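Enquirer: sequence isn't available, so here's the structure alone:
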């Protein structure tokens, strides 16, 4: 089961604590993203020449199972990031069907994907870490190169399913793109939708801009 399906990854990082979910987690980062963020943390995720790791759900399970005892003792598990992990929702679903039920599955996402991808995983994901960038469509377009209507549609669907408690909203202060007032506006908008968990921070921009 899951042997036919493959995906490309830019890295698998073990023994993560408090940064990607509860307990000890392994961060599994997919290659590929629909956005072109100006200060991308992982610009290699969109470069064709980036060396990648190819895995099936089963081979990934075998690899990360080395930390099974840590996961079960601490309430941890696997966090999928990237890139945009929801583009690989089928892979994540197959992986979930194979892994121990005690593991938590978390997803770090921009939500800039079709709703079908979100629906495929929403029933079993323990926590979504949603990097919203900014609710303002002009700021979002300038920073990511995409419009954010799909993001807003997905947020609305999450609210309709009463899944807000599964979500941590990341609200960055992006130098040259938005302000603290813009952060406030984004948070107020999302609070009105019923979201309560926010992580506000400032981007460090000494890194090279993504391409």
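Expert: Alright, I've got the coordinates. Just so it is clear, the structure is predicted and the values come from calculations on it, not from any experiment. Numbering: from 1, shown residues only.
Enquirer: is residue 30 bridged to anything, and to what?
Expert: Counting by DSSP bridges, residue 30 is bridged to residue 9.
Enquirer: tell me the contacts of it?
Expert: 7-10, 45, 80-85, 87-88 (CB atoms under 8 Å, 6 or more residues apart in numbering). For every residue, glycine as well, the C-beta is placed using N, CA and C.
Enquirer: likewise for residue 189?
Expert: Counting by CB under 8 Å, 6+ apart, residue 189 has contacts residue 135.
Enquirer: mind giving me the packing neighbours of the helix or strand residue 90 falls within?
Expert: Residue 90 belongs to helix 89-98 when assigned by DSSP states H and E. With contacts taken as 3 or more CB pairs under 8 Å, 6 or more residues apart in numbering; DSSP states H and E, helix 89-98 sits against helix 57-64, strand 104-109, helix 115-121.
Enquirer: just the buried members of the contacts of residue 30?
Expert: Buried by 16 or more other CB atoms under 10 Å: 7-10, 45, 80-85, 87-88, out of the contacts of residue 30.
Enquirer: turn those residues into JSON lines, including distance to residue 107 and pLDDT.
Expert: Output for those, formatted as JSON lines (distance: CB to CB, whole Å; pLDDT from 0 to 100):
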{"residue": "7", "distance to residue 107": "14", "pLDDT": "97"}
{"residue": "8", "distance to residue 107": "17", "pLDDT": "96"}
{"residue": "9", "distance to residue 107": "14", "pLDDT": "97"}
{"residue": "10", "distance to residue 107": "16", "pLDDT": "95"}
{"residue": "45", "distance to residue 107": "15", "pLDDT": "89"}
{"residue": "80", "distance to residue 107": "5", "pLDDT": "98"}
{"residue": "81", "distance to residue 107": "8", "pLDDT": "96"}
{"residue": "82", "distance to residue 107": "10", "pLDDT": "92"}
{"residue": "83", "distance to residue 107": "11", "pLDDT": "93"}
{"residue": "84", "distance to residue 107": "10", "pLDDT": "97"}
{"residue": "85", "distance to residue 107": "5", "pLDDT": "98"}
{"residue": "87", "distance to residue 107": "11", "pLDDT": "98"}
{"residue": "88", "distance to residue 107": "10", "pLDDT": "97"}
